[in-house]
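K.L.:
Here is a sequence together with a model predicted from it:
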2 protein chains.
Amino acid sequence: MQDVSIIGIGMTPVGEHWDTSLRDLGQQAVELALADAALDLTDIDAIVVGNALGESLNRQSHVAALLADFAGLRGAEAVRVEGADASGGLAVRQGSLMVAAGAARHVLVLGVEKVTDVVGAARNDALANMLDHDYEGAHGATPTAMAGILMRRYMHVYGLELANFEGFSINAHANGSKNPHAMYRNVIKPGRFASAPIVAPPVNLFDCAPEGDGACALLLTSTERAKDMVPAPIRILGSAAASDAFALHSREDMLFLSAANLAAGRAYERAGITPQQLDLLELHDSYTVLSALQLEAVGFAQRGEGWKWAAENRIGLAGDLPISTFGGLKARGNPLGATGVYQVAEVALQLRGAAAENQVADAHLGMALNLGGLGSTAVAHILERVE
Amino acid sequence: MQDVSIIGIGMTPVGEHWDTSLRDLGQQAVELALADAALDLTDIDAIVVGNALGESLNRQSHVAALLADFAGLRGAEAVRVEGADASGGLAVRQGSLMVAAGAARHVLVLGVEKVTDVVGAARNDALANMLDHDYEGAHGATPTAMAGILMRRYMHVYGLELANFEGFSINAHANGSKNPHAMYRNVIKPGRFASAPIVAPPVNLFDCAPEGDGACALLLTSTERAKDMVPAPIRILGSAAASDAFALHSREDMLFLSAANLAAGRAYERAGITPQQLDLLELHDSYTVLSALQLEAVGFAQRGEGWKWAAENRIGLAGDLPISTFGGLKARGNPLGATGVYQVAEVALQLRGAAAENQVADAHLGMALNLGGLGSTAVAHILERVE
């Protein structure tokens, strides 16, 4: 099994790209990643595409072959990987396994989602396809509605109110305000969080991450080759994925993210590290309650105390565990199937020391934790700077 | 890189399973594959699901985590792989890479498609999502309409008429008639082919494969472990995938299946064999013109002469190169994202000597060739019986 490293990173800003199609977005990120690694299209053996809802949002399945063609990779092996908004993380994992198995030298991993082709109720219908259609979607549930149920339960069990979660969003927007690729660059003022317009009670506008258009590409190769190719390769030290009971109602304990726990645990084991060695964590902050539950599931907070990490301001760029360092899903935006690739790219930029105003000092080890749905799928990648 | 083998096979019949849902179909195949390998659910590390159109046909994305849960694999790594009707072949490839890279011991590969949830024009709309939406689907094209254009061109260039293709469908139905898992078990009488009702001229009802519901599961592990586990492991000797210009109109030569040529060529090279060493070929006979073009692209027939292999009856169970030995897509049926897994399973059954009335004598080496769309994606697997 070959050791795998990241040698190229390219991303578009996340946002409402009304004038840019799915294939254009993808192609832009591919070009940027190739330029970053100083590689040509002809060097690429395979492309792995993470895309969550192409069928629903763009009436387009089979997107990997389409994007391979449009990006100039005609002939290359092309495969799409999907696991709702964990598609990107799963694509990074499958791409890295291609290199690890020796089946490809240079693999492009491309996360891409074009969300704004569909708006309003049709958008909610599309997003609901990530839930259990027969038992949730068919009854009108959307991911945000289910997040509302989850958050209400968390607040009830631990005696909390909405304002207790504000630190997550304040931190995300503070970091996003400095990231030129972020969808929202406004800051959220302390005290304003709890009074934002309600979306699915108790989840409000400042609580849930916006879906956006975006594409992010990574170039992977073996660590051995990488050392001769780029000045600062970033090694994939541990990688793992796991699943949980699919629907919220069938979980043994709704307030424990079992898939996140398993995926992170396996990744820690493969990397040979403890959680406390991490210098930063890009977690899946699509809703603040998920941020709290992830900190509890992957070794940082006790049950019911994940929210305190935000309340006590331990998650800022200079805190004990910086999270959402480029704004997270909340402020950078959530381009669904591309999100997991953005997360890995952002950890890699931190470890390169290339995070500009968002830089975490002395970052050597970081983890990206990507969730699908409300944690039915989880993917963890632990990255390390190759010295 | 570890050598990978197939140790378990399970499949449902392909057909119109009105009383069975996507998850039920998948679960049935998983149970059969586990029983075949005498493994328990707890032995499985990961499940890779090939599914083409879950969003369009079932309003269900994120199917891998859903099926992992429903099949009793809660916690296991779960990932869906998609490439239109090449999803199954791509899933086998990604699953085998997980074993090859040492990332999992036992991997379940499950191809599953529930087509009959949607009928009529809505079915055609869903199928059109596999084409280029912006340049084909949006203008009303369906895969069968595009196959009609392709076949008309082939007939024009090589001076053929519809009846010249009848051998492919006669062979498929002859073999399907003996396969209890086949969707259609009727035989097509010589001379009746060309007068079947037209679907998209010149493609007619006897020319194009029917979509059907179905699920097929394979259990993969390392060849080293496999030898101690089952009496007849089937080794994946070579595996490869490739892409082509996505839309038919942008191909340099519409009558050459470049992706099939590349994928098969890479698989031959990895397996260290020549095409002539193959004892059978499960090709992607969704339309007879594609069968002809595949025989030309992967080393059997000269350009424009693929149809002769059928006309000269060289493709029967006792012929030079048996194809569609269990009925192929034409008679066994085409469960889209499951098709590629059925193909690999059928080659494996032949090599096991477990093909009953469909057995090819002395089968030691076989290839499965799975196409996505009209050949925009191709996946080749060369299998060998481990002696």
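P.N.:
That came through fine. No experiment lies behind these values; they were computed from the predicted model shown.

K.L.:
Just the element for A:Gln343, please.
P.N.:
Take DSSP states H and E as the rule and A:Gln343 turns out to sit in helix A:339-352.

K.L.:
Downstream of that helix, the next helix or strand is which one?
P.N.:
Per DSSP H and E, the first helix or strand lying C-terminal to helix A:339-352 is strand A:365-372.

K.L.:
near chain B, anything from that following strand?
P.N.:
Yes: judged by C-beta under 8 Å from any C-beta of the partner chain, strand A:365-372 comes into contact with chain B at A:Gly372. The C-beta positions use only the backbone N, C-alpha and C, and glycine is treated the same way.

K.L.:
what's the next secondary structure element after the one helix or strand A:Ser169 maps to?
P.N.:
For A:Ser169, the host element (DSSP H and E) is helix A:166-176. In the C-terminal direction, the helix or strand that comes right after helix A:166-176 (DSSP H and E) is strand A:198-200.

K.L.:
for that following strand, what is the average pLDDT?
P.N.:
For strand A:198-200, the mean pLDDT works out to 96.

K.L.:
How about residues contacting that strand?
P.N.:
Contact with strand A:198-200 is made by A:Thr142, A:Thr144, A:Ala145, A:Ala147, A:Gly148, A:Asn204, A:Leu205, A:Asp207, A:Cys208, as judged by C-beta atoms under 8 Å, 6 or more residues apart in numbering or on different chains.

K.L.:
Starting from the helix or strand just after that strand, tell me which strands it pairs with and how they run.
P.N.:
Using DSSP H and E, the helix or strand that follows strand A:198-200 in sequence is strand A:203-204. Strands that pair with strand A:203-204, judged by DSSP bridges, come out as strand A:198-200 (antiparallel).

K.L.:
Just give the nearest non-adjacent residue to A:Pro143, would you?
P.N.:
Nearest residue to A:Pro143 in three dimensions, chain neighbours excluded: A:Leu127, at 5.5 Å (C-beta to C-beta, 6 or more residues apart in numbering or on different chains).

K.L.:
Report how many residues lie close to that neighbour.
P.N.:
Per other C-beta atoms under 10 Å in any protein chain shown, the neighbour tally for A:Leu127 reads 25.

K.L.:
How about A:His284?
P.N.:
A:His284: 30 surrounding residues under other C-beta under 10 Å.

K.L.:
A:Glu161 too?
P.N.:
The number of residues near A:Glu161, taken as other C-beta under 10 Å, comes to 9.

K.L.:
what's near enough to touch it?
P.N.:
By C-beta under 8 Å, 6+ apart, A:Glu161 lies in contact with A:Met155, A:Ala194.

K.L.:
measure it to A:Asn204 for me?
P.N.:
12 Å (C-beta to C-beta, to the nearest Å).

K.L.:
mind listing the helices for the stretch 51-200 of chain A?
P.N.:
Under the criterion DSSP state H, counting those that start in this stretch, helices of the stretch 51-200 of chain A are mapped to A:54-58, A:63-71, A:87-100, A:121-128, A:143-158, A:166-176.

K.L.:
Which elements pack onto the fourth one?
P.N.:
Helices and strands touching helix A:121-128, as assessed by 3 or more C-beta pairs under 8 Å, 6 or more residues apart in numbering or on different chains; DSSP states H and E, comprise helix A:54-58, helix A:143-158.

K.L.:
Equivalent analysis for the second one, please.
P.N.:
Taking 3+ C-beta pairs under 8 Å, 6+ apart as contact, the helices and strands that helix A:63-71 lies on are helix A:22-37, strand A:46-50, strand A:77-82, strand A:107-113, strand B:234-243.

K.L.:
Mean pLDDT added to the helices of the stretch 51-200 of chain A, as TSV?
P.N.:
What follows is the helices of the stretch 51-200 of chain A, written out as TSV (pLDDT from 0 to 100):
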stretch	mean pLDDT
helix A:54-58	97
helix A:63-71	98
helix A:87-100	98
helix A:121-128	94
helix A:143-158	98
helix A:166-176	98
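
K.L.:
Out of those helices, the one nearest B:Ile315 is which?
P.N.:
Ranking the helices of the stretch 51-200 of chain A by proximity to B:Ile315 (C-beta to C-beta) places helix A:63-71 first, at 27.6 Å.

K.L.:
chain center to that closest one: distance?
P.N.:
For helix A:63-71, the separation from the chain centroid amounts to 22 Å (computed by C-alpha atoms, centre = their mean, to the nearest Å).

K.L.:
tell me which residues in it are buried?
P.N.:
Across helix A:63-71, burial judged by 16 or more other C-beta atoms under 10 Å in any protein chain shown covers A:Val63, A:Ala64, A:Ala65, A:Leu66, A:Leu67, A:Ala68, A:Asp69, A:Phe70, A:Ala71.

K.L.:
Excluding chain neighbours, what is closest to the fourth one?
P.N.:
I take that to be A:Leu66. Here the nearest residue to A:Leu66 in space, its sequence neighbours aside, is B:Phe246; by C-beta to C-beta, 6+ apart that works out to 4.6 Å.

K.L.:
The one you found is in contact with A:Asp69, isn't it?
P.N.:
Yes: contact criterion C-beta atoms under 8 Å: B:Phe246 and A:Asp69 qualify, at 4.2 Å.

K.L.:
what do the two both touch?
P.N.:
With C-beta under 8 Å, 6+ apart, B:Phe246 and A:Asp69 have common neighbours B:Ser376.

K.L.:
Tell me what A:His218 is bridged to.
P.N.:
For residue A:218 the amino acid is Leu, not His. According to DSSP bridges, beta-bridge pairing links A:Leu218 with A:Ile9, A:Val109.

K.L.:
Report the beta-bridge partners for the closest residue to A:Thr20 other than its chain neighbours.
P.N.:
Spatial nearest neighbour of A:Thr20, chain neighbours left out: A:Asp213 (6.9 Å); criterion: C-beta to C-beta, 6+ apart. Applying DSSP bridges to A:Asp213 yields these beta-bridge partners: A:Gly15.

K.L.:
Give me the neighbour count for A:Gly120.
P.N.:
Counted with other C-beta under 10 Å, the neighbours of A:Gly120 add up to 7.

K.L.:
er, A:Gly95 I mean
P.N.:
Neighbourhood size, A:Gly95 [other C-beta under 10 Å]: 28.

K.L.:
ok, A:Val92 - contacts?
P.N.:
By C-beta under 8 Å, 6+ apart, A:Val92 lies in contact with A:Val48, A:Gly50, A:Val109, A:Leu218, A:Leu220, A:Ile236, A:Ser239, A:Gly340, A:Val341, A:Val344, A:Val379, A:His381.
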